[in-house]
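> Below are the sequence and a predicted model for it; my questions follow.
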Amino acid sequence: MDDRVFSKRTLLWLLVIGMLSFLGAFVASIYQDKLVKLNSYGANSYSESAVGHKAFTKLLQKMNFRTRISREIRGGFNFSDVKLVIEPQTASGLSNTLTGFSGVGSLIVLPKWDVRPDPQNSRWVKEMKLKQSGQVLNILEYVGNDLELIRNDTTLTAENFTWDSELFSLDQQLSVLAPQLIAENTDVLRPLVYNDQGILLAEVIQSDFFYDIDRTWVLSDPDILSNHGLDNAGNAAFIVSVINELTHGKTGGVIIDETSHGYASEPSLWQKMFEFPFAVVSLLVAVSVLFLAWSSFTRFGSPERSDQEYQTGKEFLIGNTAELLAFGGHGALMLKQYVDRSLQSVALNLHAPKNIEPYELLRWLDRVGHARGIGISSSEVIRTAEDLYKANTFNVLAAIRAAQNIHRWKQEMLHGTG
């Protein structure tokens, strides 16, 4: 009886398949970006058409902004990030992508064009026409009520804009064909770039929708950053200045949302297993399993059980997360940033006095909290967290509890205990 696990022929096949799989995975890792593409003719970051945003995305990357395209509705973010929602298709899509986001800023760019693809080239457009005003107003109403859209003759080019000199230092005027502007409404918007007909860029006066985002800006006309308008006059320099201001000089990253264009892709292990290039690994595993099963036909008995026990439950998950944070060594910095951001957000929304010392601000918040019937002391919550991130040894579990207490304190201070 032959006791060999594999015959020479089987072993040879295994070596050939393994080498081909390794070579395929190596080639795929090099040319992944060229082999996997999302083609589109519409107004999105994948589109090379006149109304697309691909040139804008590449411009941000070349200007060294930390830019990524997001297809996840609840994707991860840092508190220093800025989210761009460019030409969302619906108000619900805009709402879904901004709900739960609490970065330093967001930019909403209103839609403008309805397009039809070119039959000769699916990546280009053959016909463009202005969207119906009602479609754009539905999205604008998400920003605030009583806002009006201003449109001009499609042959008119606007080049007479005025901008806030404290925010932008531009050497060249903007150029927008068939400008789409917003009527002035100082109760909802603070104009940043405008002309005698309306507003091109404005800051939203904080509302319930954006209470957890530091700054939300609205750009009324997407032609400023579209493929066909980006290189007109000073448009490129202007939009780079806008992103630079929102990210506080590239301190934060830029998240370009694509879920509002129908490209949502929630993380799924099973889905990833059959997508390129992970499908190469899945194929290798499947072939290896088949050969292993083939080679085990002459064996008897079941494999030995492993003595290792796998734990489940919240306690194990929390403990494992805490160990990862401690191993990374960034827990204290994360807690400090969260404390500072939460304190600033509460003080801003409650209109705390400006230019006061930190201890005076805490006393003021204590008085406000007491007047509102809040059972949590502002001073106690903040100082407990400060003691943790200033300590020589960082206690991760205590930091998690402190962060939870700060979140609960913030919600009660801003929205009450109900």
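On my side now, so go ahead. These figures come from a predicted structure and were not determined experimentally.
> burial of Asp187, as a residue count?
For Asp187, the count of nearby residues is 9 (other C-beta atoms under 10 Å). C-betas here are computed from N, CA, C, even on glycine.
> Any regions of the stretch 301-418 of the chain where pLDDT drops low?
Low-confidence segments of the stretch 301-418 of the chain (pLDDT under 70): 301-329, 418.
> Could you pull out the strands in it for me?
In the stretch 301-418 of the chain, no strands are defined using DSSP state E, counting those that start in this stretch.
> What of the chain?
67-70, 82-86, 105-109, 113-118, 121-130, 149-151, 157-158, 162-163, 176-177, 180-182, 189-194, 199-204, 215-219, 254-257 (DSSP state E).
> want to throw the ones you listed into TSV with mean pLDDT?
Supplementary listing: the strands of the chain in TSV, determined by pLDDT from 0 to 100:
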stretch	mean pLDDT
strand 67-70	91
strand 82-86	94
strand 105-109	94
strand 113-118	90
strand 121-130	87
strand 149-151	94
strand 157-158	88
strand 162-163	94
strand 176-177	92
strand 180-182	96
strand 189-194	95
strand 199-204	95
strand 215-219	93
strand 254-257	94
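> Throw the ones you listed into a markdown table and include distance to Tyr142 and mean neighbour count, thanks.
What follows is those, written out as a markdown table (distance: least, C-beta to C-beta, whole Å; neighbours: other C-beta atoms under 10 Å):
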| stretch | distance to Tyr142 | mean neighbour count |
| --- | --- | --- |
| strand 67-70 | 19 | 18 |
| strand 82-86 | 10 | 26 |
| strand 105-109 | 8 | 24 |
| strand 113-118 | 20 | 16 |
| strand 121-130 | 20 | 14 |
| strand 149-151 | 14 | 16 |
| strand 157-158 | 25 | 17 |
| strand 162-163 | 25 | 16 |
| strand 176-177 | 23 | 20 |
| strand 180-182 | 13 | 26 |
| strand 189-194 | 13 | 20 |
| strand 199-204 | 10 | 23 |
| strand 215-219 | 10 | 22 |
| strand 254-257 | 14 | 24 |
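> Now for the closest residue to Ala202 other than its chain neighbours: which residues touch it?
Closest residue to Ala202 apart from its sequence neighbours, by C-beta to C-beta, 6 or more residues apart in numbering: Leu189 at 3.8 Å. Contact analysis of Leu189 by C-beta atoms under 8 Å, 6 or more residues apart in numbering lists Val143, Gly144, Leu147, Ile182, Ile199, Ala202, Glu203, Val204, Ile205, Val218.
> measure the fourth one to Leu137 for me?
Looking back up the chat, that one is Ile182. Distance of Ile182 to Leu137, computed by C-beta to C-beta, to the nearest Å: 10 Å.
> What of the third one?
Separation of Leu147 from Leu137 (C-beta to C-beta) stands at 8 Å.
> Look at these two and report which has more neighbours.
Taking neighbours as other C-beta under 10 Å, Leu147 and Leu137 compare with Leu147 leading, 21 against 14.
> For the more buried one, list the residues it contacts.
Leu137, Leu140, Glu141, Ile182, Ala183, Asn185, Val188, Leu189.
> Report the contact partners of the fourth one.
In this case it means Ile182. By C-beta under 8 Å, 6+ apart, the contact list for Ile182 reads Leu140, Leu147, Glu148, Leu149, Ile150, Leu189, Gly198, Ile199, Ala202, Val218, Ser220.
> mind running it again at 7 Å?
Leu147, Leu149, Ile150, Leu189, Gly198, Ile199, Ala202, Ser220 (C-beta atoms under 7 Å, 6 or more residues apart in numbering).
> How about the fifth one?
For Ala183, the contact set (C-beta under 7 Å, 6+ apart) comprises Glu148, Ile150, Gly198.
> before we move on, back to that, and which of the contacts of Ile182 is nearest Lys112?
Nearest to Lys112 among the contacts of Ile182: Ser220, at 8.7 Å, using C-beta to C-beta.
> Give me the distance between the closest one and Asp366.
43 Å.
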